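Asker: sharing a model prediction with you, sequence too.
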Amino acid sequence: MLGQQRYIILADASYSITAYNLKIWESFTTEIPTQVKGGKGPFICFVLGGPGSGKGTQCAKIVKNYGLTHLSAGELLRREIASNSEYGTTILNTIKEGKIVPSEVTVSLIQKEMESSDSKKFLIDGFPRSEENRAAFERIMGAEPDIVLFFDCPEEEMVNRVLNRNEGRVDDNIDTVRKRLQVFKALNLPVINYYARRGKLYTINAVGTVDEIFEQVRAVFAALKLVTE
Ligand SMILES: Nc1ncnc2c1ncn2[C@@H]1O[C@H](COP(=O)(O)OP(=O)(O)O)[C@@H](O)[C@H]1O
Ligand SMILES: Nc1ccn([C@H]2C[C@H](O)[C@@H](COP(=O)(O)OP(=O)(O)O)O2)c(=O)n1
Ligand SMILES: [Mg+2]
């Protein structure tokens, strides 16, 4: 777990080991930027982590405390399924298999929400889940995230949480969650490494109470001088 060590400011890059025992590059800077945004475009925070790592739960607390607009890629896709749109069946079948929906579909849903919102601060939850997602967002939106939060959680804890989530989701069963975890390791971790190398990643130890975990989120936002609402 990376936990609090994330905020020790060193002048050089170093490896850190996450719950996956994967080497996540941590590029440290000599200082945390006080001006996160160059004053143009909306502030964008991507929220990453495996299924059940606590992204949605922590996003709700971030919205309450910092007033960012929460866009859950998964919720947007489930809403598309419920609307019986032309993409609905494809999305449903993809989600049932624990796979990633074509990026153009997901990015267009996120784009619609962002462009129809007055907000200038977005929390994009569960996105990007692959290199294709990441590249499509940059290509279509012409934007990159200001920061990326990664909720780092051991697999068995994630499995337990998903199996006890009781939201009636087609993808919250043991077979699908195992597939989703494979997809997370194969496709999402490389994106997490990408943002770590660019100095945008903040890894949160996602084991503990909701409030204990949120205290780490507070520390990140305080360091970035993102004030509470
Ligand atoms: N720190 C925590 N400890 C135990 N259960 C948690 C914690 N955070 C979230 N949960 C529960 O785990 C499940 C998954 O949380 P959720 O926020 O939906 O994760 P994600 O969006 O990453 O899949 C939910 O039922 C939620 O109530
Ligand atoms: N960027 C995304 C986000 C989600 N999806 C699909 C695949 C994911 O397993 C499902 C559910 O995503 P969601 O973020 O709601 O799932 P969790 O909250 O992590 O359990 O949606 C996708 O294809 N692309
Ligand atoms: Mg979620």
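Answerer: Yep, that arrived. Ligands and ions are numbered 1, 2, ... in the order given.
Asker: got the residues of the chain near ligand 1?
Answerer: The chain has residues 49, 51-57, 161, 165, 209-210, 213 near ligand 1, with proximity defined as CB under 6 Å from any ligand atom. For glycine as for every other residue, the C-beta is placed from the backbone atoms N, C-alpha and C.
Asker: among these, which are located in strands?
Answerer: The strands in this structure, assigned by DSSP state E, contain residue 49 from these.
Asker: can you pick the most crowded of the residues of the chain next to ligand 1?
Answerer: The most crowded member of those is residue 53, carrying 28 neighbours; neighbours defined as other CB atoms under 10 Å.
Asker: for the protein, which segments count as strands?
Answerer: Ranges of strands in the chain, per DSSP E, are 13-17, 23-27, 43-49, 69-72, 121-125, 147-152, 201-205.
Asker: what mean pLDDT does the first one get?
Answerer: Confidence over strand 13-17 (mean pLDDT, whole number) is 51.
Asker: check the last one too.
Answerer: Looking at strand 201-205 alone, the average pLDDT works out to 97.
Asker: list the contacts for the closest residue to ligand 3 within the chain?
Answerer: Of all residues in the chain, the one sitting closest to ligand 3 is residue 56 (3.5 Å; CB to the ion). Neighbour list for residue 56: 72, 125 [criterion: CB atoms under 8 Å, 6 or more residues apart in numbering].
Asker: one more time with 10 Å
Answerer: In this structure, residue 56 makes contact with 47, 49, 70, 72, 74, 75, 125, 126, 165, 167, judged by CB atoms under 10 Å, 6 or more residues apart in numbering.
Asker: which of the residues you listed tops the neighbour count?
Answerer: Neighbours here mean other CB under 10 Å. Within those, the largest count is held by residue 47, at 29 neighbours.
Asker: report the contact partners of that one.
Answerer: Applying CB under 10 Å, 6+ apart as the definition, the contact partners of residue 47 turn out to be 53-56, 58-59, 62, 68, 70-73, 123-127, 145, 147-151, 204, 217.
Asker: picking up where we left off before, nearest approach to residue 98 belongs to which of the strands of the chain?
Answerer: Between residue 98 and those, the tightest spacing by CB to CB is seen for strand 43-49, at 15.5 Å.
Asker: any idea of the angle that closest one forms with strand 147-152?
Answerer: Orientation of strand 43-49 against strand 147-152 (axes from the mean of the first three to the mean of the last three CA atoms, to 10 degrees) gives an angle of 10 degrees.
Asker: done for today, thanks.
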